[in-house]
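In: From the sequence below, what's the structure:
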Amino acid sequence: MKRDVFPTPRLGITLTNSLLATAHERWQQGQLTDSRERATAAVFEQLLLDAATYYVLYEHPVHDYLNRAYQTDGQQLKVFLAERLNPKGGVGLDLWILSLQEQWLLACTHDDNIYAVRST
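Out: Got it, this is the predicted structure:
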């Protein structure tokens, strides 16, 4: 893996850990409330807006010190996802994508599953 997953500057470790905790909490809430769904191209189109702000979180499967967080806009995020991700699966990384407003979560797992979790 390259040192940086995303082409914008990394956020600090404290914010990264806080955002990962939020992502994990949202993921668990999605499991409990059954608000998780497989992400499709239509889900990506609905959730990712060009002018909005997002956090992209990379979570290393073994080493916490390799976790990374980035802030970006929707347009740059769409370009990144088009290059690295197939909505039918195939990312090969543990990525969490949160909107700045934190109203939903996209979860991409290293075993090629992609889910959307909508807040209830």
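In: Could you point out the helix or strand that follows the lengthiest helix in the chain?
Out: Among all segments of the chain classified by DSSP state H, the helix with the greatest residue count is helix 13-33. Going down the chain from helix 13-33, the next helix or strand is strand 36-38, by DSSP states H and E.
In: What are the contacting residues of the helix or strand following that following strand?
Out: Scanning forward in sequence from strand 36-38 by DSSP H and E, the next helix or strand is helix 41-47. Identification of contacts with helix 41-47 by Cβ atoms under 8 Å, 6 or more residues apart in numbering yields 37, 81, 87, 99, 104, 106, 116. Just so you know, the C-beta spots here come from the backbone N, C-alpha and C atoms, and that holds for glycine as well.
In: Return the closest of the residues you listed with respect to residue 19.
Out: residue 99 (11.6 Å; Cβ to Cβ).
In: before we move on, back to that, and the longest helix of the chain, what's buried?
Out: 16, 19, 20, 22, 23, 26, 27, 30 (16 or more other Cβ atoms under 10 Å).
In: And that helix, what does it pack against?
Out: Counting contacts by 3 or more Cβ pairs under 8 Å, 6 or more residues apart in numbering; DSSP states H and E, helix 13-33 is packed against strand 53-58, strand 68-73, strand 95-99, strand 104-108, strand 114-118.
In: follow-up on the earlier one: between all of the buried residues of helix 13-33, which two are separated the most?
Out: 16 and 30 (21.0 Å).
In: helix or strand for residue 78, which one?
Out: Counting by DSSP H and E, residue 78 is found in helix 74-84.
In: List the buried residues in that helix.
Out: 74, 76, 77, 78, 80, 81.
In: looking only at pLDDT, what's the mean for it?
Out: For helix 74-84, mean pLDDT is 83.
In: swap in stretch 22-42?
Out: 82.
In: Ok, stretch 48-66 next?
Out: On average, stretch 48-66 scores 87.
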